[in-house]
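Undergrad: What follows is a predicted protein model with its sequence.
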Amino acid sequence: MYVDSHCHLTFEGLADRIDEVRAAMAAARVDRALVICTTLEEFSRVHALAMAYDNFWCSAGVHPDNEGVREPSLEDLLELAARPRVVAIGETGLDYYRLAGRSIDDMHWQRERFRIHIRAARTCAKPLVIHTRSASVDTLAILREEGTVRGVFHCFTETAAVARAALDLGFYISFSGIVTFRNAEDLRDVARFVPLDRLLIETDSPYLAPAPFRGKTNQPAYVAHVGAAVAALRGITPEALAGATSANFERLFEVKAA
Ligand SMILES: [Zn+2]
Ligand SMILES: [Zn+2]
């Protein structure tokens, strides 16, 4: 019924209990998940999950927060993207939240890395999974400069104006458990406004567990709580929200039912 469009099943807290995670998904009627890659070093473990289970797929990319890891070339990303069950490039993007004493100018390497991912996505015709934090102006500017790609702004926490700009560029918007957090009223307004045919839901597990699990280890099963919350905000049934977001997932990532 539901799809978790963004989770990190190779991370601590989930990697060593995949059977349990999958049983919880089945019980919560979460029938598919996209396992997201954050370093080249991690790719083989991410990919192994997508190859082992017919309701998991994966991405290939290097997260903007990861420093001291192998820098991906265009060729690296294209080679990984060509493997079976790799349906997206990312997660990539810009994150100026933790500058650690540096200026935005100093983050040139992040912008270069983002551009490489955009070019890879365009070359292999796969969607981009975009992470943007405290960097929406540069994220949108670089996407406009680099030209046409499809994709999703994942774990959306920006304003309605940024959502509008991303939608105008053709992107989908994905909401996480943050929509259930008490202080997230502005984000709930954005979740009401995004057109139903451009909406995705995700956990970003093991982080950001939705209410009533806030502070605990998140897992794909909990995307049902994200979906129910977004459905309530929009005044539609959870079934309608699940159906729409699952169809959107299939369209964007070009995957079929499990
Ligand atoms: Zn992210
Ligand atoms: Zn993520």
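TA: Perfect, thanks for sending it. Ligands and ions are numbered 1, 2, ... in the order given.
Undergrad: residues contacting the residue nearest to Thr237 when sequence neighbours are not counted?
TA: Spatially, and ignoring its direct neighbours in sequence, Thr237 is nearest to Ala231 (6.2 Å; C-beta to C-beta, 6 or more residues apart in numbering). C-beta: built from backbone N, CA, C; applies to glycine. Contacts for Ala231 (C-beta atoms under 8 Å, 6 or more residues apart in numbering) come out as Thr237, Pro238, Ala240, Leu241, Ala242.
Undergrad: quick one: secondary structure of Leu187?
TA: Three-state assignment for Leu187 (DSSP: H, G, I helix; E, B strand; the rest coil): helix.
Undergrad: repeat for Arg98
TA: Applying three-state DSSP: Arg98 is coil.
Undergrad: Just give the number of residues close to it.
TA: The number of residues packed near Arg98 is 10, by other C-beta atoms under 10 Å.
Undergrad: any idea how far Arg133 is from it?
TA: Using C-beta to C-beta, to the nearest Å, Arg98 is found at 9 Å from Arg133.
Undergrad: element containing the residue in the chain sticking out farthest from the centre, please.
TA: For the chain, the C-alpha farthest from the mean C-alpha position belongs to Gly101; by C-alpha atoms, centre = their mean, that distance is 27.6 Å. Using DSSP states H and E, Gly101 sits in no helix or strand.
Undergrad: Tabulate the contacts of Ala231 in JSON lines, adding columns for pLDDT and secondary structure.
TA: Formatted as JSON lines, the contacts of Ala231 follow (pLDDT from 0 to 100; DSSP: H, G, I helix; E, B strand; the rest coil):
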{"residue": "Thr237", "pLDDT": "98", "secondary structure": "coil"}
{"residue": "Pro238", "pLDDT": "97", "secondary structure": "helix"}
{"residue": "Ala240", "pLDDT": "98", "secondary structure": "helix"}
{"residue": "Leu241", "pLDDT": "98", "secondary structure": "helix"}
{"residue": "Ala242", "pLDDT": "98", "secondary structure": "helix"}
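Undergrad: quick one: which of these is nearest Arg70?
TA: For Arg70, the nearest member of the contacts of Ala231 is Ala242. The distance, counting by C-beta to C-beta, is 37.7 Å.
Undergrad: surely that closest one meets Asp4?
TA: No - between Ala242 and Asp4 no contact is recorded; they are 11.6 Å apart, counting by C-beta atoms under 8 Å.
Undergrad: Next up, the contacts around the residue nearest to Asp138 when sequence neighbours are not counted.
TA: Among residues not flanking Asp138 along the chain, Leu94 sits closest, at 5.5 Å (C-beta to C-beta, 6+ apart). Leu94 makes contact with Pro64, Met107, Gln110, Arg111, Phe114, His131, Thr132, Arg133, Ala135, Asp138, Thr139, Ile142, according to C-beta under 8 Å, 6+ apart.
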